[in-house]
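Visitor: What would the 3D arrangement of this be:
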Amino acid sequence: MRLFENADYSFIPNRQLGYYISGTLLVISVASLLVRGLALGIDFRGGYEFVIGNTQGLNTVEVRDALTEPLGGQPEVKTYGDTGLLIRASVEGEANTTEVQNLILSTIRQEFSGADPQVEKTSVVGPRFAEDLKRGAIYAVFGALAVIFLYILVRFEWRYSVGAVAALVHDVTITLGLFSILAGVVPFSLQIDQGIIAAFLTIVGYSLNDTVVVFDRVREYVNLFKTEAFPNIVNKSINATLSRTVVTSVTTLIVVTVLFIFGSEVLRGFSFALIFGVIIGTYSSVFVASPTVVELNRRLEQPA
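Guide: Residues are numbered from 1 along each chain as shown. Below is the predicted model of the structure:
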């Protein structure tokens, strides 16, 4: 399917607009990350996670208040499916899962007459293991960026590597900022866990794929239009690949949106990250990666 036949939009001539939009989003994201931080899941901070079934009719706020004193701190309580509750609680030191599980069940039975809660799923992560997971996640993200930089360097040249990595850092930072801003606001969990890290790495791969397609067309057009100014060549390349970019993005968005709407509660944060990641990744390949290459080329061409 071919859309935008003979497209001739002025992306590169109007790249300043992209700078303003990206700059504003980055400032807001970094500010939120510094002030609010991120809601870390038990994978990265240690603790318990229980899925308690057969709790229909129980109010999450009332359950949270009832469990605060017995657990020695305020747990996170959310609805899980139609008849369940997801309860997360941080712990100090080594955890005794059975004791905490029994404490939660007995408290709910005691405070809410007629309730017969049943444990459907249990997850426990110790503090030491959580630190190892956090460190591994950071290494995974930065390692991916380093490998991508080298890959683009070998396939193209260093200017393209800088443009690609700039777009990826842009995408990850703004997506993290969105998670920081919306955590506790939206009616589903936006805690950072191993699944969300997988979503971020997927976003990195998707954004890179879009960027490489544009860069490959730029390299082709540089040899084809040798007398054309480099910014014009990049703009032609973006327009030439616009149909492919839009079709790929829309079809991917349809899939992850269906996953978000009809998937289970556990997949909501993952699919939400992918929805926003596809949008911001498509945007960055046009308004961040390509303009960065143009700016670096312009600076190199300026006389010293």
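
Visitor: does Asp116 sit in a helix, a strand or a coil?
Guide: coil (DSSP: H, G, I helix; E, B strand; the rest coil).

Visitor: Report the separation between the closest residue to it other than its chain neighbours and Glu76.
Guide: In space, and not counting its chain neighbours, Asp116 is closest to Asn54: 5.6 Å by C-beta to C-beta, 6 or more residues apart in numbering. C-betas here are computed from N, CA, C, even on glycine. Per C-beta to C-beta, to the nearest Å, Asn54 is found 20 Å from Glu76.

Visitor: Mind checking which of these two has more residues around it?
Guide: Glu76 (19 against 14; other C-beta atoms under 10 Å).

Visitor: Please report phi then psi for that one.
Guide: phi -100, psi 130 (degrees, to the nearest 10).

Visitor: need the contact list for it.
Guide: By C-beta atoms under 8 Å, 6 or more residues apart in numbering, Glu76 lies in contact with Arg64, Leu86, Ile87, Arg88, Ala89.

Visitor: The fourth one in helix, strand or coil?
Guide: Taken by three-state DSSP, the conformation at Arg88 corresponds to strand.

Visitor: Around Val124, how many other residues sit close by?
Guide: So Val124, with other C-beta under 10 Å, has 18 neighbours.

Visitor: Could you do Ser180 as well?
Guide: Ser180: 22 neighbours (other C-beta under 10 Å).

Visitor: Could you say which helix or strand holds the spatially closest residue to it that is not a sequence neighbour?
Guide: Closest residue in space to Ser180, ignoring its immediate chain neighbours: Ser32 at 4.3 Å, by C-beta to C-beta, 6+ apart. Assessed by DSSP states H and E, Ser32 sits inside helix 15-35.

Visitor: returning to that earlier point: out of the contacts of Glu76, which is nearest to Leu259?
Guide: Leu86 (18.7 Å; C-beta to C-beta).

Visitor: how about the residue nearest to Asp116, phi and psi?
Guide: phi 60, psi 40.

Visitor: now the one 5 residues further on
Guide: When quoted as degrees, to the nearest 10, the phi and psi of Asn59 stand at phi -90, psi 130.

Visitor: residue boundaries of the helices in the chain?
Guide: For the chain, applying DSSP state H gives helices covering 15-35, 42-45, 60-71, 97-111, 127-155, 158-182, 194-224, 230-240, 242-262, 268-284, 290-301.

Visitor: looking at these, which has the lowest confidence?
Guide: When the helices of the chain are compared by mean pLDDT, helix 42-45 comes last with a mean of 76.
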